[in-house]
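Asker: The sequence isn't on hand, but the structure is:
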Ligand SMILES: [Zn+2]
């Protein structure tokens, strides 16, 4: 499997590399330089070009995209219904870009299309990192908070819990992020259970390639 | 160090004030007041070093005036610069509960430095004896680096390690001293490769080295102003450039034990602005309408959360939604 990554920062990418290998159960062949977006909505702006580039100019068969949900609506079971599309849900939006972009592509490099793998971290990647460590952090807790109009934590708080500062250096951020990812690398079940936005990524990655 | 600066009738800054944070990134159109802010602080530093003028002499009704307030523990001290024109601010009036307080402020103001780096000057050799503080255009960079290695080897080693982490194509900083007492530097590339001499390095390498010299200064100034921090540097490196400067303003976040340095930096890059999404309180926008300019804090925008849903900060700035764009005829 040849995998390309599109993420929002070098730290996110470092975490993603570990998680992809853990999901596959073996080291994936991941392109050394990841594709990078400057946060939302830049991810959705560059995604069509990245898909097109990978499809026609490379033999990459899988593109893994992650982004933070921030304060957008969270993707839920209801969104999985056939033909359903939530215009403000980032998971729905990213999937739609994959669908629309590669709809009319002729097959290239021996494959029909680049496999779509999408994950959305609710509300930010730091929540995935805290999963299994801080019991109050989960996608359900966030959704409940959204519904109650009182969020259980802020993005800034999650970041502080991990980095112990509001302004971590990049090496410190990566080091802390990888330290927390180690727990998931050994056992993905808790992350899969508490964060459906990650479970979706797992499911996508394990789906058969579209040859 | 400096809590706020208020301008009255100074160039385009007719009537505006600005709270300063530990770190400040200032954006805006050319000629909108970014440089005026830095010039005003430089002027304050110069005048503070001179004997104080007579209080009455600076009361010039309607003339240009700049009022500076200081942060705790000196929050009850104000300094007023009186100007005879946009270019001549020659009088300083200080209101301080005690001379001791003003003397403390003066001592810190004296360390203030402003930088607008010039890569050609930085590439040239420098007198070995000139390696004190970094010159405002960075011209004595080789001498400063060599002196740092000599006098503060531990700090130099950390600076060099950070530089090599940021630009891993290099393997070390090498100094060459000539018989005329001048020093220049080259960058090793590892293995059997010839070191790259300064004159063959790209602009961004010098600017990055200049910023690192400031960031790892064992005795840094109280206030540092730096123009165009994005110059010559790849946009994917902007996070690192921001962090090099954050090290000055938020030392404990970087494991440093020393006083924070107040930083006032300018940029024209939307991608650099994107780095401040989580800290809009650090962003200052200079707004110019006709002949009048004023300062705004990005965090004062009540609709900021909604704006950030629609686009990145940089995109919002370029679009004009945040202001701080050139006027067009
Ligand atoms: Zn959805």
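Answerer: Looks like it arrived, so ask away. Keep in mind it's a predicted model, so treat the numbers as computed, not measured.
Asker: the helices in chain A, which residues?
Answerer: In chain A, the segments counted as helices under DSSP state H are A:10-24, A:42-57, A:90-102, A:125-130, A:139-148, A:155-163, A:170-186, A:189-194, A:196-206.
Asker: how about the residues of chain B near chain A?
Answerer: Within chain B, the residues that sit near chain A (C-beta under 8 Å from any C-beta of the partner chain) are B:165, B:236, B:239-240, B:243, B:246-247, B:250, B:252-254, B:271, B:274, B:277-279, B:305, B:308-312, B:314-315. Backbone N, C-alpha and C define where each C-beta goes, glycine included.
Asker: Tell me the residue of chain B that sits nearest chain A?
Answerer: Minimum separation of chain B from chain A (C-beta to the nearest C-beta) falls at residue B:253, amounting to 4.0 Å.
Asker: Contact partners for that residue?
Answerer: By C-beta atoms under 8 Å, 6 or more residues apart in numbering or on different chains, the contact set of residue B:253 is A:165-169, B:246-247.
Asker: Same list, those, but as CSV with neighbour count and distance to the ion please.
Answerer: Formatted as CSV, the contacts of residue B:253 follow (neighbours: other C-beta atoms under 10 Å in any protein chain shown; distance: C-beta to the ion, whole Å):
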residue, neighbour count, distance to the ion
A:165, 18, 33
A:166, 14, 30
A:167, 21, 32
A:168, 22, 30
A:169, 20, 34
B:246, 24, 36
B:247, 24, 40
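Asker: What is the nearest of the residues you listed to residue A:70?
Answerer: Comparing the contacts of residue B:253 against residue A:70 with C-beta to C-beta picks out residue A:166 as the nearest, at 17.0 Å.
Asker: List, one by one, the residues from chain A near chain B.
Answerer: Neighbours of chain B within chain A, by C-beta under 8 Å from any C-beta: A:9-10, A:36, A:38-42, A:70-72, A:155-156, A:159, A:165-171.
Asker: Just the buried ones out of these, please.
Answerer: When the residues of chain A next to chain B are checked for burial by 16 or more other C-beta atoms under 10 Å in any protein chain shown, the buried set is A:9-10, A:36, A:38-42, A:70, A:72, A:155, A:159, A:165, A:167-170.
Asker: State whether residue B:296 is indeed within a strand.
Answerer: Yes. Assessed by DSSP: H, G, I helix; E, B strand; the rest coil, residue B:296 belongs to a strand.
Asker: Report the separation between it and residue A:101.
Answerer: 39 Å (C-beta to C-beta, to the nearest Å).
Asker: Also residue B:163?
Answerer: Residue B:163 is 40 Å from residue A:101, by C-beta to C-beta.
Asker: Can you pick out the residue with more neighbours from these two?
Answerer: Between residue B:163 and residue A:101, counted using other C-beta atoms under 10 Å in any protein chain shown, residue B:163 has the larger neighbour count: 23 against 19.
Asker: who touches that one in this structure?
Answerer: So residue B:163 contacts B:170, B:173, B:208-209, B:212 (C-beta under 8 Å, 6+ apart).
Asker: Tell me which helix or strand it sits in.
Answerer: Under the criterion of DSSP states H and E, residue B:163 resides in helix B:153-166.
Asker: Please pull up the helix or strand immediately following that helix.
Answerer: strand B:172-177.
Asker: hmm, back to that, okay, the contacts of residue B:163 in CSV with distance to the ion, pLDDT and neighbour count next?
Answerer: What follows is these, written out as CSV (distance: C-beta to the ion, whole Å; pLDDT from 0 to 100; neighbours: other C-beta atoms under 10 Å in any protein chain shown):
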residue, distance to the ion, pLDDT, neighbour count
B:170, 46, 97, 20
B:173, 51, 97, 21
B:208, 42, 98, 22
B:209, 47, 98, 28
B:212, 45, 98, 19
